[in-house]
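Participant: Here's a sequence, model it:
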Amino acid sequence: MTRVSGPKIQFCLLAILLAFWSRPAAAQELWKSLGDLCDGRCAATIFAGVQNETSQARMFGAKAEFTPPWEYQFSNGYFLGGTLSRELWDLNGIVAIEAELGLGQRFGTLHETEVWGAAYLRWKYFPWNNYLRTTVAVSTGVNYASGLPDYEIGHSGNGRGSKALHYFSPEITFALPSNPDTELVIRNHHRSGGAEWWGAEHPIYGTLFRNTYGGVQYLSVGLRQRF
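Facilitator: The predicted structure is shown next:
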């Protein structure tokens, strides 16, 4: 089987983007077709992040001492990602379930490409939404990286890591009531084996993710456009 390298993937993505930019009419027609198909239930997101070395257990005060955001530990790793998502179910504008596909590239100290698929559970109702529309969401899914860097092997807990890991990436969004379809997104883009939460011998996480504890994560900020 021929192995597709990270640079080749990046070149293909760049070629696709250049093709659309050079033919704005075609891109506009594609966007209109997607909008007609989605009827306001789809979204495209682009985000960038910096590597966050603070464990999620500490970020949320679960099984560890709570660490506030101003005490997070960051490194010289960076991430650029994009997603397409679609809302599958909504309960009166209160809570919704969405499906997401994503693609991203690591920069700086790490260089691998990531792809993922996930389901998001989103809470949409807050009493201040007439002033600032707010949602919070959590995901479950699978993230696959093109390689295993020393960082992930060192944080794996098993000395070998896993290219496929659980994708648990909580986020919060904000939008103006006058422009609700354009959102500011803050996401902790996170991959790990689930063992930190469910135990290394969990029959699902242990089998799928090779009893891996930790992976890499990025505290990210981006923009989402719903259509």
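
Participant: Okay, now the unreliable bits of this structure?
Facilitator: 1-36, 63, 194-208, 210 (pLDDT under 70).

Participant: any idea which residue sits dead centre in it?
Facilitator: In the chain, the residue lying closest to the centroid (C-alpha atoms, centre = their mean) is residue 189, at 4.6 Å.

Participant: Quick check, that one in contact with residue 49.
Facilitator: Yes. Counting by C-beta atoms under 8 Å, residue 189 does reach residue 49; the two are 5.6 Å apart. In this view, the C-beta of every residue, glycine as well, is placed from N, C-alpha and C.

Participant: any shared contact partners between these two?
Facilitator: Listed as contacting both residue 189 and residue 49 by C-beta atoms under 8 Å, 6 or more residues apart in numbering are 79, 81, 218-220.

Participant: By neighbour count, which of the residues you listed wins?
Facilitator: residue 218 (26 neighbours; other C-beta atoms under 10 Å).

Participant: Just list whatever residues bridge to that one.
Facilitator: Partner residues in beta bridges with residue 218, using DSSP bridges, are residue 51, residue 189.

Participant: again with the one 4 residues further on
Facilitator: Here residue 222 sits in beta bridges with residue 47, residue 185, going by DSSP bridges.

Participant: what residues are up against it?
Facilitator: Contacts of residue 222 by C-beta under 8 Å, 6+ apart are 45-48, 81, 184-185, 187.

Participant: biggest separation within these, which pair?
Facilitator: Pairwise distances across the contacts of residue 222 (C-beta to C-beta) peak at 15.6 Å, for the pair 81 and 184.

Participant: Buried residues, the longest strand along the chain. List them.
Facilitator: Using DSSP state E, we find that the single longest strand of the chain is strand 74-91. Within strand 74-91, the residues that count as buried by 16 or more other C-beta atoms under 10 Å are 77-81, 83, 85, 87.

Participant: how about the CA coordinates for whichever helix or strand comes after it, as CSV?
Facilitator: Downstream of strand 74-91, the next assigned helix or strand under DSSP states H and E is strand 95-108. Coordinates of each C-alpha in strand 95-108 appear next as CSV, following Å, rounded to 0.1, in the frame of the first residue of the first chain:
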residue,chain,number,x,y,z
VAL,A,95,-30.3,21.1,22.7
ALA,A,96,-29.1,19.6,19.5
ILE,A,97,-27.0,16.8,18.0
GLU,A,98,-24.5,17.4,15.2
ALA,A,99,-22.2,15.3,13.0
GLU,A,100,-18.8,16.7,12.1
LEU,A,101,-15.9,15.8,9.8
GLY,A,102,-12.6,17.6,10.3
LEU,A,103,-9.1,17.9,8.8
GLY,A,104,-6.1,19.6,10.3
GLN,A,105,-2.4,20.1,10.2
ARG,A,106,0.2,20.4,13.1
PHE,A,107,3.0,22.9,12.9
GLY,A,108,5.9,23.9,15.1
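
Participant: Which other helices and strands does strand 95-108 contact?
Facilitator: helix 6-22, strand 74-91, strand 113-123, strand 133-145 (3 or more C-beta pairs under 8 Å, 6 or more residues apart in numbering; DSSP states H and E).

Participant: ok now the shortest one, how far from the chain's centre?
Facilitator: It refers to strand 113-123. Relative to its parent chain, strand 113-123 has a centroid offset of 6 Å by C-alpha atoms, centre = their mean, to the nearest Å.
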